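1. Let me see the structure of the following:
(one chain, ligands or ions: 1)
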Amino acid sequence: MAERLVVFDTTLRDGEQAPGFSMTIEEKLRLARAIEALGADVVEAGFPIASDDDAEAVHRIALTLERPVVAALSRCAPGDIDRAAWGVEPARRGRIHTFIATSDLHLSRKLHMTREACLEAAVAAVQRARGYTDDVEFSAEDATRSDMDFLCRVIEAVIAAGAGTVNLPDTVGYCTPDEIAEFFRTILSRVPNADQATFSAHCHDDLGLAVANTLAAIGAGVRQVECTVNGIGERAGNASLEEIIMATRVRSDRLPVETGIDTRQLYPVSQLLTELTGERVQSNKAIVGRNAFAHEAGIHQDGMLKDRRTYEIMRPEDVGVPQTTLVLGKHSGRHAVQKRCEMFGLTLSRRDLDLVYRRIVAIADRRKHVSDEDLLEIVTSVRGVARRAAADHSLHEAGYGFGV
Ligand code: MN
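-> Here you go, the predicted structure:
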């Protein structure tokens with residue numbers, strides 16, 4: 001029996017914080033509605049103390065969304081918590097997400113705070129947040145570089161103070177998958193009241209390991225994942241929502257968890273984010289990149305046309321991608337050219353197919369792609385030549401030689 005995995009989307013908070021991804025309040029509302037339709041359980045709408053616009057956006061999103069929990073971020077400071085509480089106040093289900101760094105590096109160099117003061121601030125913040133809502137999440141920033149004994153003390157104290165979710169971010173994307181799995185297993189076995197909270201992973205992609213680390217954390221017992229559409233977020237970004245979701249779908253044999261995500265919305269939401277921010281995803285990005293379901297090599301195209309499972313582990317329509325693209329290029333084979341022609345209702349003789357194929361290869365040697373327009377032009381011209389040749393032939397047959 002698969003356990004439920006809570007999908008916490010932070011595209012509008014961590015994602016929006018990244019350079020190039022700022023959105024207006026109206027744009028955030030559009031994206032928030034799309035993330036609701038996608039089926040995220042929690043939508044982190046912003047960091048209200050950061051700016052009036054952020055606070056307003058959180059408030060409007062809280063007013064608009066009907067199904068998901070709407071979360072607002074706050075530091076462990078009374079003013080922050082009060083502002084976050086104002087933001088999520090209209091939500092049917094509002095969450096205050098309060099955080100403080102627990103690593104000695106952050107405490108001494110950034111916050112100029114002792115461990116004891118950090119522990120007190122964390123507990124006080126959770127208690128204050130609980131005064132506003134029953135749904136409080138606590139995050140230990142830079143958790144994966146924190147002293148394990150101290151971190152366990154903080155976690156035990158915030159759970160006792162009423163935090164229902166404990167998020168342990170790999171804030172700087174430093175962990176390896178085996179390490180983060182051991183990290184969560186240690187905490188889950190050492191914190192005495194760990195069974196009273198949902199543990200959460202929040203991984204960054206500085207070493208390209210955010211999704212791998214998130215999946216390893218799930219394997220270790222984490223039941224909430226924090227992620228973003230297209231993997232956007234601070235620096236190299238957060239764990240990509242679409243990659244986590246499809247990994248759990250395609251490999252449910254290794255990752256037996258269920259989510260409420262409608263995978264057919266993955267591509268449309270990705271496209272909407274691109275449209276709103278003008279920032280495209282890399283073409284080879286898993287799941288949502290332009291080439292994620294494209295096949296150009298002749299051997300691959302031939303295999304695909306015979307049985308898609310030869311080169312596809314998931315169907316494009318399952319993630320909302322309109323169709324598999326058999327890209328015509330210099331690596332394509334005759335079979336793909338024929339299929340593409342059939343898409344346009346064109347049936348080619350073997351001889352015409354051969355001519356069309358050679359012309360395509362010749363063009364593709366000079367250009368990256370052969371467009372459908374190119375293809376149709378080639379077919380028309382080849383057929384024109386063929387018709388004239390046939391006409392010439394029949395004239396010859398009829399005895400009207402043209403001479404030389
Ligand atoms: Mn983050």
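2. State the next helix or strand along the chain beyond the one helix or strand Glu44 maps to.
-> In this structure, Glu44 sits in strand 42-46 according to DSSP states H and E. Next in sequence after strand 42-46, counting helices and strands by DSSP H and E, comes helix 52-64.
3. Can you give the distance of the helix or strand following that next one from its chain's centre?
-> For helix 52-64, the succeeding helix or strand toward the C-terminus, using DSSP H and E, is strand 69-75. Mean-position distance between strand 69-75 and its chain equals 20 Å (C-alpha atoms, centre = their mean, to the nearest Å).
4. Report the rounded mean pLDDT for strand 69-75.
-> Model confidence over strand 69-75, given as mean pLDDT, is 98.
5. name the helices or strands packed onto it?
-> Secondary structure elements in contact with strand 69-75, counted by 3 or more C-beta pairs under 8 Å, 6 or more residues apart in numbering; DSSP states H and E, are strand 42-46, helix 52-64, helix 78-88, strand 94-101, helix 115-130. All C-beta spots, glycine's among them, are computed from the backbone N, C-alpha and C.
6. Indicate which one of these is closest to Leu241.
-> strand 42-46 (11.5 Å; C-beta to C-beta).
7. CA-only coordinates of the closest one in CSV, if you can.
-> Output in CSV follows, covering the C-alpha atoms of strand 42-46 (Å, rounded to 0.1, in the frame of the first residue of the first chain):
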residue,chain,number,x,y,z
VAL,A,42,0.6,23.1,-0.4
VAL,A,43,1.3,26.3,-2.4
GLU,A,44,3.9,28.5,-0.8
ALA,A,45,2.8,31.9,-2.0
GLY,A,46,5.5,34.2,-0.8
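8. any weak-confidence spans in this structure?
-> Scanning the chain for pLDDT under 70 picks out the ranges 323-326, 385-404.
9. Count the residues that sit near Ala2.
-> 11 (other C-beta atoms under 10 Å).
10. strand partners of the strand holding Glu44, parallel vs antiparallel please.
-> Strand pairing for strand 42-46, determined by DSSP bridges: strand 6-9 (parallel), strand 69-75 (parallel).
11. follow-up on the earlier one: quick one, which of the helices and strands packed on strand 69-75 gets closest to Val191.
-> Smallest distance to Val191 across those (C-beta to C-beta): 13.9 Å, for helix 115-130.
12. Just name whatever secondary elements that closest one is in contact with.
-> On a contact count with 3+ C-beta pairs under 8 Å, 6+ apart, helix 115-130 meets strand 69-75, helix 78-88, strand 94-101, strand 136-141, helix 148-161.
13. mind checking which of these is nearest Ala197?
-> Ranking the helices and strands packed on helix 115-130 by their distance to Ala197 (criterion: C-beta to C-beta) puts helix 148-161 first, at 4.8 Å.
14. Check which helices and strands that closest one sits against.
-> Looks like helix 148-161 contacts helix 115-130, strand 136-141, strand 165-170, helix 177-190 (3+ C-beta pairs under 8 Å, 6+ apart).
15. With mean neighbour count as added columns, please give these in TSV.
-> Written out in TSV, the entries for the helices and strands packed on helix 148-161 read as follows (neighbours: other C-beta atoms under 10 Å):
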stretch	mean neighbour count
helix 115-130	19
strand 136-141	26
strand 165-170	25
helix 177-190	17
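16. Dump the ones you listed to CSV, plus distance to Ala286.
-> Output for the helices and strands packed on helix 148-161, formatted as CSV (distance: least, C-beta to C-beta, whole Å):
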stretch, distance to Ala286
helix 115-130, 36
strand 136-141, 27
strand 165-170, 20
helix 177-190, 17
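17. Ala292 is nearest to which of those?
-> Of all the helices and strands packed on helix 148-161, helix 177-190 comes closest under C-beta to C-beta, at 22.7 Å.
18. hmm, who's touching the helix or strand that comes right after the closest one?
-> Per DSSP H and E, helix 177-190 leads on to strand 198-203 as the next helix or strand towards the C-terminus. Contacts of strand 198-203 with the rest of the structure, by C-beta atoms under 8 Å, 6 or more residues apart in numbering, involve 6, 8, 10, 14, 137, 139, 164-171, 173, 175, 180, 184, 187-188, 209-211, 213-214, 217-218, 221-226, 238-239.
19. who are the neighbours in contact with Val6?
-> For Val6, the residues meeting the contact criterion (C-beta under 8 Å, 6+ apart) are Asp41, Val42, Thr165, Thr198, Ser200, Arg223, Gln224, Val225.
20. repeat that with 7 Å
-> For Val6, the contact set (C-beta atoms under 7 Å, 6 or more residues apart in numbering) comprises Asp41, Val42, Thr198, Arg223, Gln224.
21. farthest-separated two in those residues?
-> Greatest spatial distance in those: Val42 and Arg223, 12.3 Å, computed using C-beta to C-beta.
22. Among these two, which residue is more densely surrounded?
-> Counted by other C-beta under 10 Å, Val42 and Arg223 do not tie: Val42 has more neighbours, with 24 against 17.
23. I'd say that one and Arg67 touch.
-> No - distance between Val42 and Arg67: 10.7 Å, which falls outside the contact criterion (C-beta atoms under 7 Å).
24. Report the contact partners of Glu342.
-> The neighbourhood of Glu342, defined by C-beta under 7 Å, 6+ apart, contains no residues.
25. any idea how far it lies from Val379?
-> According to C-beta to C-beta, to the nearest Å, Glu342 stands 12 Å off from Val379.
26. what does Ala84 give?
-> Summarising the geometry, the distance separating Ala84 from Val379, computed by C-beta to C-beta, is 62 Å.
27. Contact partners for Ile187?
-> So Ile187 contacts Cys152, Ile155, Ala194 (C-beta under 7 Å, 6+ apart).
28. By neighbours, which of these wins?
-> Neighbour counts for the contacts of Ile187 were taken using other C-beta under 10 Å; the highest belongs to Ile155, which has 27 neighbours.
29. Now that one: closest residue in space that isn't a chain neighbour?
-> With C-beta to C-beta, 6 or more residues apart in numbering as the criterion, Ile155 has its nearest non-adjacent residue at 5.0 Å, and that residue is Val191.
30. which SSE is Val382 in?
-> Assigned by DSSP H and E, Val382 belongs to helix 372-397.
31. if we can go back for a sec, out of the helices and strands packed on strand 69-75, nearest to Arg249?
-> Checked against C-beta to C-beta, the stretch from the helices and strands packed on strand 69-75 lying closest is strand 42-46, at 19.7 Å.
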